[in-house]
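J.: Got a sequence here, can you model it:
(one chain, ligands or ions: 1)
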Amino acid sequence: MSEVRTAICRFCHAFCGVNVTVENDRVVKVLGDIDNPMYHGYTCIKGRQLPEQHYHAERLLAPQLKTAGGHRPIAYDKALDDIAEKLQAIVRRYGPRSVAVYTGTFSFPYPLAKPMAQALLNAIGSPMLFSSGSIDQPGKPMAMAFHGRWHAGPQPFAESDTWMLVGANPVVSKWGGIPQYNPGKRLHDALKRGMQLVVIDPRRTECARKAAVHVQCKPGEDPTILAGIAHLIIREGWVDTAFVDAETAGFAALKEAVAPFTPEYVAARAEVPVQTLVEAARTFATGTRGMVTAGTGPNMAPRGTLTEYLVLAINTLCGRWLRAGEKMPNPFVLLPTRHGRAQPEPKPQAYGYGTELRVRNLTDNAGGLSAAALADEILLGGEGQVKALFSVGGNPLAAWPDQLKTWEALKHLELSVSLDIKLSATAKMSHYVLPPKLGLEVPGITMPNEGVWFYGLSTGYPEPYAMYQPALVPPPAGSDLLEEWQVFYRLAQRMGLPLTLNGQALDMTNEPTTDELFEVLTAGSRIPLGEVKQHPHGHIFDDPSICVLPREADCEERLDLGNAIMLGELREVRQEPTTGHAGYRGEQTFTHRLVSRRLNDVYNSSGRDIPKLMKNGRYNPAYMHPDDLAAMGLHAGDVVEIASARAAILGVVEEADDVKPGVISMAHSFGDAPTEDHKLFSIGSNTGRLTSVDEDYDPRTGMPMMSAIPVNVRRGDQTLALGS
Ligand code: SF4
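T.: This next block holds a predicted model:
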């Protein structure tokens, strides 16, 4: 019997509403749900492969134990018994801090995974929780802490007449400024109604092709360009003076700091025409509504926090924050009501508090404990050394920076546990691999996309949309699988530890259901979860009466345009070399800069084993401009060696005239352990290996340079490639 039911696609963070055809307890087809009020039937090619993901031949259907002869199946109960016993021994011997958890991209769609992992760490007494956000865009919350958050939030895309994307390509990434529900259509509609789009990107991306102005710049120069745009806005009198006078401090300091970033200086340094720069500033600043938003690339490049700070400063100079009386675009649904106020929030401490890491003077910070320091925390002996690591929906060997160090670190662990659906690069090194159930086998809620609103400007839902999905199908027959949260709950049970979720003590005798835990997670929500459940296609819980409230009479907060740390960094930028491809430290010269990018058919390291997503190959091509290839006598498909100051990797070149000459554009999180490099054409290359966590890192977040990496390129070993 065939039945069509609605669901939330959880292949990526976009959470599209889909229709799932179920036959005999198996998913056979996934299409967009035309009745979904937010997504209107949109899906991408990845989402339509959910059946292949769920029934993939390589999907693990039972836990795996690493043995001398490779991984072999083990019953979940036995695996958890063993892990609990080992954890207790490690905590007894080395202390609570020896246990760490890393949550990766694939934990995001499962909203109980991270809180329950955190609950177990809390019960153990370990502060060592790390997330992929700390090696992705920690600059967003850091900059917000320095600049201050406007309580009512940013102007929404849907009502804007201008927008500036900095290194963001939301049509592909579903992130970075254009709402994630069918971003291509949203952009098309916005342009049709007259929106003027500005894109700053070294690549002529899908969004750049639609832009009124495309600043095709040298990678890594985002702070320079944004300082130049701020300079122009101030010089040309495009500042919203009333807003700046009433709501900010530090304007004079900002004006002085951006003064040396003249259009001529910026143009020469960033390799863009002066006129293009002026047009970009004019197009954005003379619009009436709309934001600057930045994507992953500039955040992975050096000085990501400064880039995000300048993004906020430009928005503030132009007064692009919601004002009293305007409708709150999203007063939240499954979170407590957000009554926005037209005032800055009190600024949190940005860094220098809480847990101290043992390397590089890093501490807790607004972007979270730095996962870039975790390999060192594992390798560095002495008190506090990490001995046990749980990876939840992540793939550290592919995703963390400084892959060679990560590889050594993972080998040093006394206990490594991967919660993963397959034997990924990291799982292959793990003592235990605990496979979770997948999205159509477990209940889901869209709440994570409300919560990320706090992370930065360009994230989450800008409308009060929510959806609940029950489990639609059982896991494959004969499988032995748990949800992620159950792993941590059952470990706590075995260790005799009480768990607390969202401030509520959990019953540790009778295991709650996922739905019961969702109720705990959404306690105090504006709309009760039970009401959200009444809308199988999802629903926009609009309430026009919730408007931005006026500034409180006793509020003395100001947005900070003159943060001394950030403007100090900007002055350092001005001292840097302005030509060529010198390393940022200037001691070595390079021919190219390598930038990270997204590919439409895969989601970080996921999807590369699904036939319909592999039509462009299983590797991550090294996209280069045809002139660069011709100059080196290279052709598409040739193998090159790409060498940074840290290490070298192999790449397969692909001709791409949308890439600026002097740039190599490659997706990150591909590849495997160095011993697998000969499989280049089937696993790709790990750009993280080119990076170093000890050099060129943000001193407060630990974020190393992971994009705009200075590299040299030369012809590689073609024989090796042919034999792979
Ligand atoms: S964008 Fe694609 S993969 Fe992401 S949620 Fe939507 S359909 Fe799924």
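
J.: in the protein, which residue is closest to the centre?
T.: Geometric centre of the chain, nearest residue: Asp136, 4.9 Å, by CA atoms, centre = their mean.

J.: show me what contacts that one?
T.: For Asp136, the contact set (CB atoms under 8 Å, 6 or more residues apart in numbering) comprises 296, 299-300. To be clear about C-beta, it is placed using only N, CA and C from the backbone, and glycine gets the same treatment.

J.: now, which of these lie within helices?
T.: The helices in this structure, assigned by DSSP state H, contain 296, 299-300 from the contacts of Asp136.

J.: Return the member of those nearest to the ligand.
T.: Taking CB to the nearest ligand atom as the measure, the ligand sits nearest to Thr296 out of the ones in helices among the contacts of Asp136, at 15.5 Å.

J.: What is the burial count for that closest one?
T.: Per other CB atoms under 10 Å, the neighbour tally for Thr296 reads 22.

J.: per-residue pLDDT, it?
T.: Looking at Thr296, its pLDDT stands at 89.

J.: One more: Gly460?
T.: What the model reports for Gly460 is a pLDDT of 81.

J.: who in the stretch 51-200 of the chain is up against the ligand?
T.: By CB under 6 Å from any ligand atom, the residues of the stretch 51-200 of the chain that approach the ligand are Lys174.

J.: just for the stretch 51-200 of the chain, where's the confidence low?
T.: Judged by pLDDT under 70, the stretch 51-200 of the chain has no weakly predicted residues.

J.: give me every residue that touches the residue of it found nearest the ligand.
T.: For the stretch 51-200 of the chain and the ligand, the shortest gap (CB to the nearest ligand atom) falls at Lys174, measuring 5.1 Å. Residues near Lys174 by CB under 8 Å, 6+ apart: 12-14, 44, 180, 183.

J.: List only buried entries from these.
T.: Listed as buried from these are 12-14, 44, 180, 183; burial here means 16 or more other CB atoms under 10 Å.

J.: Which of the residues you listed sits closest to Gly340?
T.: Gln180 (21.1 Å; CB to CB).

J.: Pull the contacting residues for that closest one.
T.: Residues in contact with Gln180 (CB under 8 Å, 6+ apart) are 13-15, 170, 174, 449.

J.: Which single residue of the protein ends up nearest the ligand?
T.: Closest to the ligand within the chain is Gly47: 2.3 Å, counting by CB to the nearest ligand atom.

J.: ok, that residue to Tyr468 distance?
T.: As judged by CB to CB, to the nearest Å, Gly47 and Tyr468 stand 18 Å apart.

J.: who's more crowded, these two?
T.: Neighbours per residue (other CB under 10 Å) separate Gly47 from Tyr468, with Tyr468 holding more: 25 against 22.

J.: got a list of what Asp628 touches?
T.: 592, 634, 661-662, 713.

J.: oh sorry, the question was meant for Arg598
T.: Contacts of Arg598 by CB under 8 Å, 6+ apart are 169, 172-173, 296, 667.

J.: what about Val713, which SS state?
T.: Per DSSP: H, G, I helix; E, B strand; the rest coil, the local secondary structure of Val713 is strand.

J.: Would you map out the domains in this structure?
T.: What automatic domain parsing lists as the domains of the chain is 59-127+356-547, 139-326+559-564, 580-722.

J.: can you tell me which of those the model trusts least?
T.: Mean pLDDT across those is lowest at domain 580-722; the value there is a mean of 85.

J.: can you give me the offset of it from its chain's centre?
T.: Counting by CA atoms, centre = their mean, to the nearest Å, domain 580-722 is centred 19 Å from the centre of its parent chain.

J.: and Glu308, what element?
T.: Using DSSP states H and E, Glu308 maps to helix 304-317.

J.: In CSV, list the C-alpha atoms belonging to that helix.
T.: Provided in CSV are the C-alpha atoms of helix 304-317 (Å, rounded to 0.1, in the frame of the first residue of the first chain):
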residue,chain,number,x,y,z
GLY,A,304,36.6,36.7,9.9
THR,A,305,35.6,38.5,13.1
LEU,A,306,36.8,41.9,11.6
THR,A,307,34.9,41.1,8.4
GLU,A,308,31.7,40.5,10.4
TYR,A,309,32.3,43.6,12.5
LEU,A,310,32.5,45.8,9.4
VAL,A,311,29.4,44.1,8.0
LEU,A,312,27.6,45.2,11.2
ALA,A,313,29.1,48.6,11.1
ILE,A,314,28.0,49.3,7.5
ASN,A,315,24.4,48.1,8.4
THR,A,316,24.5,50.5,11.4
LEU,A,317,25.9,53.4,9.4
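
J.: If you count neighbours, what's buried in it?
T.: For helix 304-317, burial by neighbour count (16+ other CB under 10 Å) applies to 304-317.

J.: Nearest to Asp364 among the residues you listed?
T.: For the buried residues of helix 304-317, the closest approach to Asp364 (CB to CB) belongs to Thr305, at 15.3 Å.

J.: Contact partners for the residue nearest to that closest one when sequence neighbours are not counted?
T.: Here the nearest residue to Thr305 in space, its sequence neighbours aside, is Gly139; by CB to CB, 6 or more residues apart in numbering that works out to 3.8 Å. Shown in contact with Gly139 (CB under 8 Å, 6+ apart): 299, 304-309, 367, 698, 701, 703.

J.: could you dump those to JSON lines with distance to Tyr55?
T.: What follows is these, written out as JSON lines (distance: CB to CB, whole Å):
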{"residue": "Asn299", "distance to Tyr55": "36"}
{"residue": "Gly304", "distance to Tyr55": "39"}
{"residue": "Thr305", "distance to Tyr55": "43"}
{"residue": "Leu306", "distance to Tyr55": "46"}
{"residue": "Thr307", "distance to Tyr55": "42"}
{"residue": "Glu308", "distance to Tyr55": "41"}
{"residue": "Tyr309", "distance to Tyr55": "46"}
{"residue": "Gly367", "distance to Tyr55": "38"}
{"residue": "Asp698", "distance to Tyr55": "42"}
{"residue": "Thr701", "distance to Tyr55": "40"}
{"residue": "Met703", "distance to Tyr55": "38"}
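
J.: which one of those residues is nearest Glu271?
T.: The shortest gap between Glu271 and any of these belongs to Thr307, at 17.4 Å (CB to CB).

J.: any idea how far the closest one is from Asp698?
T.: Distance, Thr307 to Asp698, by CB to CB: 11 Å.

J.: What of Trp238?
T.: Separation of Trp238 from Asp698 (CB to CB): 30 Å.

J.: of those two, who's got more company?
T.: Neighbours were counted for Trp238 and for Asp698 using other CB under 10 Å; Asp698 has more, 25 against 17.

J.: which phi and psi does Leu482 have?
T.: Torsion angles at Leu482 (phi, psi; degrees, to the nearest 10) stand at phi -130, psi 160.

J.: hey, what's it bridged with?
T.: Beta-bridge pairing of Leu482 under DSSP bridges involves Pro436.

J.: and it, what is it in contact with?
T.: Going by CB under 8 Å, 6+ apart, the list of residues near Leu482 reads 76, 434, 436-437, 490.

J.: hmm, which two among those are most spread apart?
T.: For the contacts of Leu482, the farthest-apart pair by CB to CB is Lys437 and Arg490; their separation is 14.1 Å.

J.: Can you show me the strands along the stretch 51-200 of the chain?
T.: 64-67, 70-73, 99-103, 129-131, 162-166, 196-200 (DSSP state E, counting those that start in this stretch).
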